[in-house]
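Asker: Everything below, folded, please.
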Amino acid sequence: MAGFAVGQLPDDPLAASALFHADVLPHILAALDAGDTVLTLLFTPAAHPHRDWRAAAVATIARERAPARINAVASDDQGAIAAALAYLDKADGVTGQYLPLDSHGAGMVID
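Answerer: The predicted structure follows:
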């Protein structure tokens, strides 16, 4: 499973949400329309106020596009992203989740 890089978004949560929905969401929907059935969005880390809009967007996309599996991670650590992608690839029942990764404080991922 490959990740879908969301790219840099504004620091302001409302501006970030607006840009995501206007510019990024159409590309996500196009990927799903083209036949992708498992998609993990890759967000850069952001302050806590971004958590709610990101989680809501991912949950809504997953609900609307079921049975496709849509999840998201937030990290700038490539190792943590790779581990999360590997986990999500095997976790057939996980969808609609927004997972901020803490590669510095968390322990190793156990399969």
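
Asker: Skipping adjacent residues, who's closest to the residue most central in space within the chain in space?
Answerer: What sits nearest the mean C-alpha location of the chain, by Cα atoms, centre = their mean, is A72, with 1.6 Å. Once flanking residues are discounted, A72 sits nearest to L41: 3.9 Å by Cβ to Cβ, 6 or more residues apart in numbering. For every residue, glycine as well, the C-beta is placed using N, CA and C.

Asker: And for that neighbour, the neighbour number?
Answerer: Using other Cβ atoms under 10 Å, L41 has 21 other residues around it.

Asker: need the contact list for it.
Answerer: Going by Cβ atoms under 8 Å, 6 or more residues apart in numbering, L41 touches 3-4, 6, 28, 58, 70-73.

Asker: looking at this, it is in a strand?
Answerer: Yes: per DSSP: H, G, I helix; E, B strand; the rest coil, L41 lies within a strand segment.

Asker: quick one, phi/psi of the residue nearest to the centre of the chain?
Answerer: Per-residue torsions, A72: phi -150, psi 150 (degrees, to the nearest 10).

Asker: Surely it and T44 touch.
Answerer: No: the pair formed by A72 and T44 falls short of the contact definition of Cβ atoms under 8 Å, at 11.4 Å.

Asker: what's the overlap in contacts for the two?
Answerer: Here A72 and T44 have V6 as joint contacts, going by Cβ under 8 Å, 6+ apart.
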